[in-house]
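S.K.: Output the structure for:
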Amino acid sequence: MTTQTKKDLCWCLLWFVLFFALTAALCVVDVQPAGPQNSLIGLAAINTAFHTWTGQTGLLDKLTDIPLYLAFLECAFFAGLGLVQLIRGKSLRKVDPSIYALAAIYVLMAALYVAFEHVVINMRPVLENGILEPSYPSSHTMMVVTIYGTGIVAFHTLFPKNKALSFWIPVASFALIAFAVCGRLLC
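M.R.: Model (predicted):
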């Protein structure tokens, strides 16, 4: 295992630990019926203060859908690339392993999406179209971060000699991730 791979695994582990620590905190720290319809909200003082400070923006909610739709196009691109490799190579073995890795990550992401829609950890501070909805973890944000994050690695792996892609894909991906995460947080 290379030094870079070890560093990448350490970063991945750190992010998982932070995610689970925040999730645990939302389940047990300052849980109060502070939401609409007296829904329970973890870290209630921080959450309600932040919502009071930022308010709610419907336009920003709609604009943050754009990075998600573009992420779905990226998924379709990699699926199409895998299909082309399969047709040209006439064998599943001729499909690049990184395409299979992406497929596995996307399947896991879809499973987590379904799980987080049914296992509610925290609710939104407002009703959406009169309906109380989960807010954490944000499946929208999870999909954007996962697809663009793995896409950066996949583009580097699949097109290692393309200097333009090596520069612009990470720049565009990080910009879309930042916009989606910040936008979802604010709206």
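S.K.: Settle this for me: residue 71 is touching residue 145, isn't it.
M.R.: No. Counting by CB atoms under 8 Å, residue 71 sits too far from residue 145 to count as a contact (9.2 Å). For every residue, glycine as well, the C-beta is placed using N, CA and C.
S.K.: Need the phi and psi values for the spatially most central residue of the chain.
M.R.: Closest to where the C-alpha atoms of the chain average out (CA atoms, centre = their mean) is residue 142, at 2.0 Å. Phi and psi for residue 142, reported as degrees, to the nearest 10, are phi -60, psi -40.
S.K.: gap between it and residue 51?
M.R.: Applying CB to CB, to the nearest Å, the value for residue 142 to residue 51 is 21 Å.
S.K.: Spit out the contact partners of residue 123.
M.R.: 35, 36, 39, 40, 41, 132, 133, 134, 135 (CB atoms under 8 Å, 6 or more residues apart in numbering).
S.K.: Look at the fifth one and say how many residues are nearby.
M.R.: I take that to be residue 41. 25 (other CB atoms under 10 Å).
S.K.: Before we move on, what's the pLDDT of the nearest residue to residue 29 once chain neighbours are set aside?
M.R.: The shortest distance from residue 29 to any residue other than its chain neighbours is 5.7 Å, reached at residue 43 (CB to CB, 6 or more residues apart in numbering). Per-residue pLDDT puts residue 43 at 83.
S.K.: again with the one 10 residues further on
M.R.: Here, the pLDDT recorded for residue 53 equals 82.
S.K.: cool, residue 125 as well?
M.R.: On pLDDT, residue 125 comes in at 68.
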